[in-house]
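Chemist: Give the three-dimensional model of this entry:
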Amino acid sequence: MKLFDHAIAKNLLPIDGESYYHGSILPYDATSNYFELLQQNIDWRRDELLLFGKKIMTKRKVAWYGDLPFEYTYSNTTKQALPWTHELLELKNIVELNTRTQYNSCLLNLYHNGTEGMSWHSDDEPMLEKNASIASLSLGVARRFAFKHKELKEKVVVTLENGSLLEMKGTTQQYWNHALLKSTKILEPRINLTFRRINHS
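Modeler: Below is the predicted model of the structure:
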């Protein structure tokens, strides 16, 4: 398990935000083991979105976990967090050591192949702590991840490798959108875990 410092990890964004790519923080054997355990033990559900008044079921699957049964609303749908699994707590601890931040929730996405992705958006929902760290851990096939400045339209693209960690913090969500780019050439699955901080009293 590697431990990184922001002085070593490079900020990918030229202005208006902080997004640090730490590379792989897990040994290959560990990534394969966690990938299999998450596929088996997570309560995966197809995501249900409400777009233009019409319910749409995504091909990708999602899951939402946390310290408490936090509600998380996006795309006009609300999820209630499930209790942490053993594997998620282990991964949360590893991510927290690398980012020096504590998280109370995690949104997981399972992409079956490269035809499934995520369109441009920001993680700026009101229930999230403003400017707090969001740590994205990738397991499985490498995928291209992009940032686009909301005003200047400047783009930054990074390949998220198996076992790698990307941390977004500061004003990143305010000034930048991000997306998981699709590719018909990618046939293997990927699991993404985004550890977050939900506001709660």
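Chemist: worst-scoring helix or strand of the chain, pLDDT-wise?
Modeler: Least confident element among the helices and strands of the chain, by mean pLDDT, DSSP states H and E: strand 45-51 (a mean of 77).
Chemist: what sits up against it?
Modeler: Residues from elsewhere that reach strand 45-51 (Cβ atoms under 8 Å, 6 or more residues apart in numbering): 55, 56, 57, 58, 59, 60, 61, 62, 63, 75, 76, 77. (Glycine included, C-beta is placed from N, CA and C.)
Chemist: Of these, which is the nearest to residue 12?
Modeler: Nearest to residue 12 among those: residue 60, at 23.9 Å, using Cβ to Cβ.
Chemist: gap between residue 137 and residue 155?
Modeler: 23 Å (Cβ to Cβ, to the nearest Å).
Chemist: can you tell me which residues contact residue 17?
Modeler: Residue 17 touches 168, 169, 170, 171, 172, 173, 174, 175, 176, counting by Cβ under 8 Å, 6+ apart.
Chemist: And residue 197, by the same measure?
Modeler: 101, 102, 103, 104, 105, 128, 129, 132, 133.
Chemist: Take these and keep only those in strands.
Modeler: If you go by DSSP state E, these have residue 105 in strands.
Chemist: Quick check: of the contacts of strand 45-51, which lies closest to residue 122?
Modeler: Closest to residue 122, out of all of those and judged by Cβ to Cβ, is residue 75, at 12.6 Å.
Chemist: Which pLDDT value does the model give that closest one?
Modeler: Per-residue pLDDT puts residue 75 at 69.
Chemist: All the helices of the chain, in order from the start?
Modeler: Along the chain, counting by DSSP state H, helices occupy 28-41, 86-99, 172-175.
Chemist: Mean neighbour count, mean pLDDT and distance to residue 113 added to these, as TSV?
Modeler: Listed next are these as TSV, based on neighbours: other Cβ atoms under 10 Å; pLDDT from 0 to 100; distance: least, Cβ to Cβ, whole Å:
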stretch	mean neighbour count	mean pLDDT	distance to residue 113
helix 28-41	15	96	14
helix 86-99	18	97	23
helix 172-175	19	98	28
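Chemist: With residue 111 as the reference, name the closest of the ones you listed.
Modeler: The closest of the helices of the chain to residue 111 is helix 28-41. By Cβ to Cβ, the value is 12.1 Å.
Chemist: Count the neighbours of residue 8 for me.
Modeler: A count of nearby residues for residue 8, using other Cβ atoms under 10 Å, gives 10.
Chemist: Same check on residue 198?
Modeler: By other Cβ under 10 Å, the residues close to residue 198 number 19.
Chemist: doesn't residue 130 make contact with it?
Modeler: No: between residue 198 and residue 130 there is no contact, the gap being 11.9 Å when judged by Cβ atoms under 8 Å.
Chemist: Show me which of the contacts of strand 45-51 are buried.
Modeler: With burial judged by 16 or more other Cβ atoms under 10 Å, the buried subset of the contacts of strand 45-51 is 58, 60, 61, 62, 63.
Chemist: Output the longest strand belonging to this protein.
Modeler: Per DSSP E, the chain has its longest strand at strand 54-66.
Chemist: which helices and strands sit right next to that strand?
Modeler: strand 45-51, strand 77-80, strand 82-83, strand 105-111 (3 or more Cβ pairs under 8 Å, 6 or more residues apart in numbering; DSSP states H and E).
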